[in-house]
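[1] I need the structure of the sequence given here:
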Amino acid sequence: MNINQSRIRILGLFGILGGIILFIGDMLFYYNGNSTDLLTNMGNNSDFRIIASSITALFATWFYLIGLAQVYYAFKPASPVLRNVVLFCFGSILIAYGIIHANYTAIAATAKLSVQNHLDIKTATALALESNQILRLFVYPFFAVLSFVFIAQVWKRKTLYPRWIIFFFPLFSFLLQGPLNMILTGKIKTVVVGGYLNIILIIFFSASVIALWNIKPKSDEV
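    Sure, this is the predicted structure:
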């Protein structure tokens, strides 16, 4: 694939766009100005919001994977094996993002049915929530391998990234999710906690774009 400075920048911008789209999808599921209970908010959603949120998962996943090409380029100095490990693990995680978000349609639909029929919302959504949690378990091993390889290679200066990008790698942001969930309240909690996983990827891809903004490709091959 032929690549130049502008294309490297555009690839990263696609990653940011993917995060923004799926964040909007999160808000379509979760946001309600009168409530901070995410499950209840989904139960009170319109059909349009549930369907639209589900659709965002498809487009966001496409854009995330296009954005991943910038990360793959940044790992050009690394060994081919480690470069492909990063591609495979990161790609698996991004695809999982889309699948897990789409799976929330089942949670939202059952939550809505429980509200409409005056059922216990936690009981009604239990199966869909369990399915979602099981899907997440498959992601953690990929995340662990990706974190180890990414941080190690960047620290050893085996990539085109500066060391400071390690602070914006999703691992550290992910570990802050629990404390933020306890500290934040009100509407800001709905926005931040509800869209957190996509917020950390928006931050990462933004940092990646900045880090590689002035990179001048040494060849025409990725």
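[2] which residues touch residue 96?
    Residues near residue 96 by Cβ atoms under 8 Å, 6 or more residues apart in numbering: 135, 136, 138, 139, 142. Yep, even glycine has a C-beta here, placed from its N, CA and C like the rest.
[3] quick check, the last one in contact with residue 89.
    Yes: judged on Cβ atoms under 8 Å, residue 142 makes contact with residue 89 at a distance of 4.4 Å.
[4] report all helices and strands that the lowest-mean-pLDDT helix or strand in the chain contacts.
    Sorting the helices and strands of the chain by mean pLDDT, DSSP states H and E puts helix 177-183 at the bottom, at a mean of 87. Using 3 or more Cβ pairs under 8 Å, 6 or more residues apart in numbering; DSSP states H and E, the elements in contact with helix 177-183 are helix 186-194.
[5] touching, residue 29 and residue 45? I think so.
    Yes: counting by Cβ under 8 Å, residue 29 touches residue 45, with 7.0 Å between them.
[6] looking at these two, which is more packed in?
    residue 29 (25 against 22; other Cβ atoms under 10 Å).
[7] contacting residues around the residue nearest the centre of the chain?
    By Cα atoms, centre = their mean, the chain has its centre lying nearest to residue 198, at 3.9 Å. Contact analysis of residue 198 by Cβ under 8 Å, 6+ apart lists 19, 20, 22, 23, 26, 60, 97.
[8] biggest helix in the chain, by residue count?
    For the chain, the helix that runs over the most residues, judged by DSSP state H, is helix 80-116.
[9] quick one: buried residues of that one?
    Within helix 80-116, the residues scored as buried using 16 or more other Cβ atoms under 10 Å are 82-83, 85-87, 89-94, 96-98, 100-112, 114-115.
[10] same question, stretch 157-167
    Across stretch 157-167, burial judged by 16+ other Cβ under 10 Å covers 158, 159, 160, 161, 165, 166.
[11] you'd agree the second one is up against residue 77?
    Right, the one you point to is residue 159. Yes: using Cβ under 8 Å, residue 159 is in contact with residue 77, at 5.9 Å.
[12] my guess is residue 36 contacts residue 181. True?
    No: the criterion here is Cβ under 8 Å, and residue 36 misses it with residue 181 at 11.3 Å.
[13] give the intersection of the neighbour lists for those two.
    Both residue 36 and residue 181 are contacted by residue 189, under the criterion Cβ under 8 Å, 6+ apart.
[14] and those two? Which one has more around it.
    residue 36 (20 against 12).
[15] list the contacts of that one.
    By Cβ under 8 Å, 6+ apart, residue 36 lies in contact with 185, 186, 187, 189, 190.
[16] what's the answer for residue 54, then?
    Listed by Cβ under 8 Å, 6+ apart, the contact partners of residue 54 are 25, 101, 102, 104, 105.
[17] before we move on, what about residue 165?
    With Cβ under 8 Å, 6+ apart, residue 165 has these contacts: 154, 207, 208, 211.
[18] quick check: residue 135 vs residue 98, distance?
    11 Å (Cβ to Cβ, to the nearest Å).
[19] neighbour-wise, which of the contacts of residue 165 leads?
    residue 208 (25 neighbours).
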